[in-house]
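Peer 1: Below are the sequence and a predicted model for it; my questions follow.
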Amino acid sequence: MDKIICNNCNHLNHINTNKCTKCDNSLRNYAYFKNDFKDFYKLFSSDNLDLLEKLPLTDTAYDSILNSIIDIGGENLNPMPSQIDTRKLIQISKPYARVQYDNSNRHPGYYSYYSFNNIFINRLTPHQLIPGAIVHELSHHIFNEIIEQSLMHLLNIRKSLYVESFAWYLTLQNDYFKIVNEYLSHRVQEYFLPDHFNGYSSLNQLLDDGVDLDGEKIETSLNMGHAISDDVIFVLEKYITRSLDVKSEYIGYHNVDYEISPLDEQKKLDMMYTILFTTFESVYRHKRDMQPILSDMNESFIRYNI
Ligand SMILES: [Zn+2]
Ligand SMILES: [Zn+2]
């Protein structure tokens, strides 16, 4: 996996970071954080489209994708002893996404939000809700990471800003995919911290706003979200011990009006592959429109991380 060394403490950091996770030294990682339109055409080439069309996402591939994601946080691989506390969670998140207070107050209506590999916590969020907020936003990040690593694995390429922007675009472009994303993050949050769980609020908001959405597709998306939440839990359980005040193994889907059961493994992989392929193909077919859109996202990654 691509790494960048810290010249202050020699720690090996994941390639898409600009601050050392050990000592916070600036890594001056300008080689990664540069926005070059030529990289767009290299990624969305006809060769890559052909490659993607020929290669399905297999369960072995998917396992190795999840393991690469676990590796990113490797330095913290001793799971938390018992109590989940904010300081520890910030540390665990660091190699994935940096946690900080939102001084700009960009989304005053939310306890927290996730943007371009950063987790922002509203200054007014009650203390006891901060751990849950971090786990929720970190789950959004891990989901993005699953998309990125899947694309990297299938095309045998390294991580780049365009790979990250592609994943970012993919999670935001489609209402059903937003449902997958919100459901899974709430469920992971509920799984690890059931005590201070405050419901599937962002999901319910999406469902309330989406009056035109198709009921069957919503259900499939929730089932997909459930299946992927199990994968995110698999990753995070290497780092976080579930806070065990849980009354029973069964976790209720508080105030979500749908029957939810996880999609079976093969269906999940097929769906993941289909979304990856069709989105990739659509970017490829609309290069002239899509290049500036993804380039803008690259700029945001640079702004948020440098
Ligand atoms: Zn360092
Ligand atoms: Zn969310």
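Peer 2: Perfect, I can see it now. Computed from a predicted model, the values in this text were never measured in an experiment. Ligands and ions are numbered 1, 2, ... in the order given.

Peer 1: alpha carbons only for contacts and neighbour counts from here, please
Peer 2: OK.

Peer 1: any idea how far Lys159 is from ligand 1?
Peer 2: 21 Å (C-alpha to the ion, to the nearest Å).

Peer 1: Just want the phi and psi numbers for that residue.
Peer 2: phi -70, psi 140 (degrees, to the nearest 10).

Peer 1: Let me know whether it touches Met152 as I believe.
Peer 2: Yes. Lys159 is within contact range of Met152, at 6.8 Å (criterion: C-alpha atoms under 8 Å).

Peer 1: Next one, pLDDT for Pro79 please.
Peer 2: Looking at Pro79, its pLDDT is 60.

Peer 1: What is the burial count for the residue lying closest to Tyr258 once chain neighbours are set aside?
Peer 2: Nearest non-adjacent residue to Tyr258, counting by C-alpha to C-alpha, 6 or more residues apart in numbering: Glu219, 6.9 Å away. By the criterion of other C-alpha atoms under 10 Å, Glu219 has 18 neighbours.

Peer 1: do the one 3 residues further on as well
Peer 2: By the measure other C-alpha under 10 Å, the count of residues near Leu222 is 28.

Peer 1: ditto for the one 3 residues further on
Peer 2: By the other C-alpha under 10 Å criterion, the neighbourhood of Gly225 contains 29 residues.

Peer 1: which residues sit in contact with it?
Peer 2: Counting by C-alpha atoms under 8 Å, 6 or more residues apart in numbering, Gly225 touches 179-184, 262.

Peer 1: Tell me the buried residues within the residues you listed.
Peer 2: 179-184, 262 (16 or more other C-alpha atoms under 10 Å).

Peer 1: Nearest to Tyr62 among the residues you listed?
Peer 2: Pro262 (16.7 Å; C-alpha to C-alpha).

Peer 1: Would you check that that closest one makes contact with Ala227?
Peer 2: Yes. Contact between Pro262 and Ala227 holds when scored by C-alpha under 8 Å: they sit 4.6 Å apart.

Peer 1: before we move on, which element is Arg303 in?
Peer 2: helix 287-305 (DSSP states H and E).

Peer 1: what comes into contact with that helix?
Peer 2: Contacts of helix 287-305 (C-alpha under 8 Å, 6+ apart): 17-18, 33-35, 37, 40, 116-118, 161-162, 164-166, 169, 283.

Peer 1: ditto for stretch 162-176
Peer 2: With C-alpha under 8 Å, 6+ apart, stretch 162-176 has contacts from 39-40, 43, 116, 144-145, 147-148, 151-152, 177-178, 181, 210, 217-218, 221, 276, 279, 294-295, 297-298.

Peer 1: Please apply the same query to stretch 3-21.
Peer 2: Residues contacting stretch 3-21 (C-alpha under 8 Å, 6+ apart): 1-2, 22-23, 25-29, 32-33, 72, 94-95, 159-160, 305-306.
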